[in-house]
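K.L.:
how would this look folded up:
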Amino acid sequence: MNFSFKKIIPHLLVLLAFVVASLIYFSPVLQGKQIFQSDIMLYNGMAKQQNDFRTNTGEETYWTNSAFGGMPTYLLGAKYPHNYIKKLDLTLRFLPRPADYLFLYFLGFYILLLVLKIDFKLAALGALAFGFSTYLIILLGVGHNSKAHAIAYMPLVLSGILLTFQRKYILGFLLTVIAMALEIVANHFQMTYYLLLLVIVLGIVYLIDAYKKQELPHFFKSVGVLVVAVILSIGLNATSILATQEYVGESYRGKSELTINPDGSPKEVTNGLDKEYITEYSYGIWESFNLFIPRFMGGGTLENVGRDSNVYDAFIKLGATPIQALNEVKQAPTYWGDQPIVEAPAYVGAVVIFLFVLGLFLVKGRLKWWLVGGVILSWLLSLGKNFGILTDLFIDYVPLYNKFRAVSSIQVILELCIPVLGIFALVRLFNDFEKKEVKLKAFKYATAITAGIALIFLLFKGSLFDFSGIRDGQYLQAYGQSFIDALKQDRKAIFNADTVRSLILVLISAGAIWMFLKEKLSEKLVIIVFAVLIVFDLVGVDRRYVNNDDFVSAIQVQKPYQANAADQEILKDNSHYRVYDLTTGNTKPSYFHNSLNGYTAARMKRFNELFDFYIRRNHLEVLNMLNAKYIIAPAEDGQPQVFTNTDVNGNAWFIESFKAVETANEEILALDSLNTKKVAVLNTYQFGSKLKGSPIFGGIKLDSTASINLVDYKPNYLKYESNNTNEGFAVFSENYYQQGWQAYIDGEEVPHIRVNYVLRGMEIPSGNHIIEFKFEPQVVKTGSSIALGMSLVVVLLLLGGLFYEFKKGNINTTTSA
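P.N.:
This next block holds a predicted model:
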């Protein structure tokens, strides 16, 4: 056995350094502060009801009524039984957020480079280059935590795959099981899908290599081992995967039954998102140079250009006071790319790009080609509509690709691959595999290409670009041509400053390598120089966008919203109702009320369609059937004002007749002129056969004294009492979701159906009865049982595999190849 405590000391010191670096960058967490993340604020509004329920009862609800009239919590942080891989994930994320994610960035990439047999010092250098990549830091700044979470585990998954292909089948298998399970538990399937695309590229390259080397049996054996590992990792996450798969068909990302738009025009029916929606955030071809020059296209959508800017002078000339002008320049529209909103450039680093280009000439073999293949594929797909021939091909023919939006985010793959090849360039520079002449030639090419690009942009920017943004027309109307001219001058100044910055960093990097080749700098000094350069380069840009100013007191994060006078007035009503807020686009209504509002890309499809057709235009009958008792709208003074809707149908009501339809189009259009208190729209094609006693055509004999009242309410449980001398049909102002909601009359399970496009309906016998709805998703029970079984299997395999490897002496702790 090769285990030696002395040999693991360097790794422990590196991990300690990662902890320190993470805490230093996010140092306010040491004072008890928390980072204010806009997306997390929105999430906290959506999730408050389920979190409160968990705190108050110790139980989990898988349904929330706080948003969009009610929806499952599967994609809102639901906690599942026997989710032991989540406990491991929480253990690894022991640092305060968001330092925990930064540490995971470092850790995963460090392990990947160690698996690639890179010396621990260079592996640590690579981890810093990856972890401080600007896009990854920006994700933490805005609160895309699940995306950052999934990205952090990508290198670990690749580590397991590569170990397996290195013929370390048991270790590779075990690491792949755990790493892939952690990747899935991050619950960002778009990032996991992009990782799969990279793995396919890797697999193709390794297959070709195996064919050339006549090692196909080893290749397919490795693939078989990895397939089993992935199956086990899926089993460990069975509940979340099954629940998500079940829900996706009912979500906005599933296929719509409608063939018309709200305006009556034909609708393109797709089994996924609209192409325009998918490609809304597409990277521009020129914009891709911000991987090398941070503010190549102005940086973020809005930047602080300061008092010395031309924009400041322009505001002063327009009559603004110095204080007003200073406030305006804090959010100057410097971005001049084509994307709707950009928080910051996806900067990989001038130093890292230089090393990457050096690696193109120094590194050989299959490693280089799967890394370069991943870079090219991710870059081309990130262009979206700007490279439509490939994007359309993937949307139309590649499974699941049309389920995800913001194609620009696939650049996370190149942001992973580029620093790997860059670090390998240093490996090849330091070892004796290549002659000095080859290294010198590669050095010259890399310097000429990177420095040359920067020089071309500096010298010819006036001919190449006009520095005009997509919203400049709005600013022209608001402020005039002099403001636009000033804005363009500031854009040019930003462009110049960052291009010169990248050029200088390239020349310093080149100088360090030149001195090494001339034997004037040692290998260790070169590593130190590049560590300083990479940290200076990346952190310097990162701090422009994510810094100590983004931290606030913990209470501001934990309680992001304050009830205004309108909310306080509504909260005096302790009955069960819904609120429709016309004054905000955030999740504040969901934080305080059962709301028709909300914010999630996974909202229920039918409710979203109802919203677009009717709720958006304040259709009173639709609001009535949804029990929207209170409407918050702006008063004349702009302050929120409460309007009580006295015509609401209530929580449930008996109807007199049905309006029979056969298609989804007819179903939703019928609501436009429907008296929802007396008539219900019934899709007879889908639900007509499920009715037993209620006549579809003609009237229902309704007792004028008939009543049905809600007597008990929880997010996952509703109890009603009914009194009717005749058999009747009741409509409930609750979203219909058949995969989980079970209906009971006097304790016996009974069927219920969908009416009015989104609501629940049920036949109720004559007399006095207790009606209950319980959210009892079978998928959670099934998934939890699978997860428990798989957890036991994995523990046994883990113990047995590690014992075997230690006994054979295959686990070593060497710090270099």
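K.L.:
Can you report how many residues lie near the closest residue to residue 238 other than its chain neighbours?
P.N.:
Closest residue to residue 238 apart from its sequence neighbours, by CB to CB, 6 or more residues apart in numbering: residue 786 at 3.8 Å. Glycine gets a C-beta too; all of them are placed from N, C-alpha and C. When neighbours are counted by other CB atoms under 10 Å, residue 786 registers 19.
K.L.:
Just the element for residue 786, please.
P.N.:
helix 778-808 (DSSP states H and E).
K.L.:
which other helices and strands contact that helix?
P.N.:
Packing contacts for helix 778-808, counted by 3 or more CB pairs under 8 Å, 6 or more residues apart in numbering; DSSP states H and E, involve helix 84-92, helix 169-185, helix 216-236, helix 238-248.
K.L.:
Could you rerun that using 6 Å?
P.N.:
helix 169-185, helix 216-236, helix 238-248 (3 or more CB pairs under 6 Å, 6 or more residues apart in numbering; DSSP states H and E).
K.L.:
Buried residues of that helix, list them for me.
P.N.:
Across helix 778-808, burial judged by 16 or more other CB atoms under 10 Å covers 779-780, 783-784, 786-788, 790-791, 794, 797, 801, 805.
K.L.:
from those, which is closest to residue 670?
P.N.:
Distance to residue 670, by CB to CB, is smallest for residue 779 among the buried residues of helix 778-808, at 31.8 Å.
K.L.:
The closest one against residue 245, yeah?
P.N.:
No. The pair residue 779 / residue 245 is not scored as a contact, 8.5 Å apart, by CB atoms under 6 Å.
K.L.:
that older thread, adding distance to residue 717 and pLDDT, write the buried residues of helix 778-808 out as a markdown table.
P.N.:
Putting the buried residues of helix 778-808 into a markdown table (distance: CB to CB, whole Å; pLDDT from 0 to 100) gives the following:
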| residue | distance to residue 717 | pLDDT |
| --- | --- | --- |
| 779 | 18 | 95 |
| 780 | 15 | 95 |
| 783 | 21 | 95 |
| 784 | 20 | 95 |
| 786 | 26 | 96 |
| 787 | 25 | 95 |
| 788 | 25 | 96 |
| 790 | 30 | 94 |
| 791 | 30 | 94 |
| 794 | 35 | 92 |
| 797 | 40 | 91 |
| 801 | 45 | 85 |
| 805 | 50 | 77 |
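K.L.:
These into JSON lines, with extra columns for distance to residue 228?
P.N.:
Shown next, in JSON lines, are the buried residues of helix 778-808 (distance: CB to CB, whole Å):
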{"residue": "779", "distance to residue 228": "24"}
{"residue": "780", "distance to residue 228": "26"}
{"residue": "783", "distance to residue 228": "20"}
{"residue": "784", "distance to residue 228": "22"}
{"residue": "786", "distance to residue 228": "16"}
{"residue": "787", "distance to residue 228": "17"}
{"residue": "788", "distance to residue 228": "19"}
{"residue": "790", "distance to residue 228": "12"}
{"residue": "791", "distance to residue 228": "16"}
{"residue": "794", "distance to residue 228": "11"}
{"residue": "797", "distance to residue 228": "10"}
{"residue": "801", "distance to residue 228": "12"}
{"residue": "805", "distance to residue 228": "17"}
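K.L.:
of the residues you listed, closest to residue 324?
P.N.:
Distances from residue 324 to the buried residues of helix 778-808, taken by CB to CB, are shortest for residue 780, at 55.3 Å.
K.L.:
Now do the contacts for that closest one.
P.N.:
residue 239 (CB atoms under 6 Å, 6 or more residues apart in numbering).
K.L.:
likewise residue 762?
P.N.:
Applying CB under 6 Å, 6+ apart to residue 762 gives the contacts 730, 743, 752.
K.L.:
Apply 7 Å and report the result again.
P.N.:
Going by CB atoms under 7 Å, 6 or more residues apart in numbering, residue 762 touches 730, 743, 750, 752.
K.L.:
mind checking the longest helix of this protein?
P.N.:
Ordering each helix of the chain by length in residues (DSSP state H) puts helix 481-517 first.
K.L.:
Next secondary structure element downstream of that helix?
P.N.:
Following helix 481-517 in sequence, per DSSP H and E, is helix 523-545.
K.L.:
Which elements pack onto that following helix?
P.N.:
The contact analysis (3 or more CB pairs under 7 Å, 6 or more residues apart in numbering; DSSP states H and E) places helix 523-545 against helix 120-131, helix 134-142, helix 350-362, helix 481-517.
K.L.:
Tell me which of these lies nearest to residue 658.
P.N.:
Smallest distance to residue 658 across these (CB to CB): 47.8 Å, for helix 134-142.
K.L.:
contacts for the helix or strand just after that closest one?
P.N.:
Using DSSP H and E, the helix or strand that follows helix 134-142 in sequence is helix 145-165. Residues from elsewhere that reach helix 145-165 (CB under 7 Å, 6+ apart): 40, 101, 104-105, 108-109, 111-112, 115-116, 136, 139-140, 171-173, 175-176, 179-180, 182-183, 186-188, 191-192, 195, 199, 202, 206, 222, 225-226, 229, 412, 416.
K.L.:
And for stretch 175-183?
P.N.:
Contacts to stretch 175-183, defined as CB under 7 Å, 6+ apart, come from residues 85, 88-89, 150, 153-154, 156-157, 159-161, 163-164, 192, 195, 226, 229-230, 232-233, 236-237, 794.
K.L.:
chain center to that stretch, what's the gap?
P.N.:
Mean C-alpha position of stretch 175-183 versus that of the full chain (CA atoms, centre = their mean, to the nearest Å) differs by 19 Å.
K.L.:
and it, average pLDDT?
P.N.:
On average, the pLDDT along stretch 175-183 is 96.
K.L.:
likewise stretch 657-673?
P.N.:
On average, stretch 657-673 scores 94.
K.L.:
Export the helices and strands packed on helix 778-808 as CSV, with columns for mean neighbour count.
P.N.:
Formatted as CSV, these follow (neighbours: other CB atoms under 10 Å):
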stretch, mean neighbour count
helix 169-185, 23
helix 216-236, 18
helix 238-248, 21
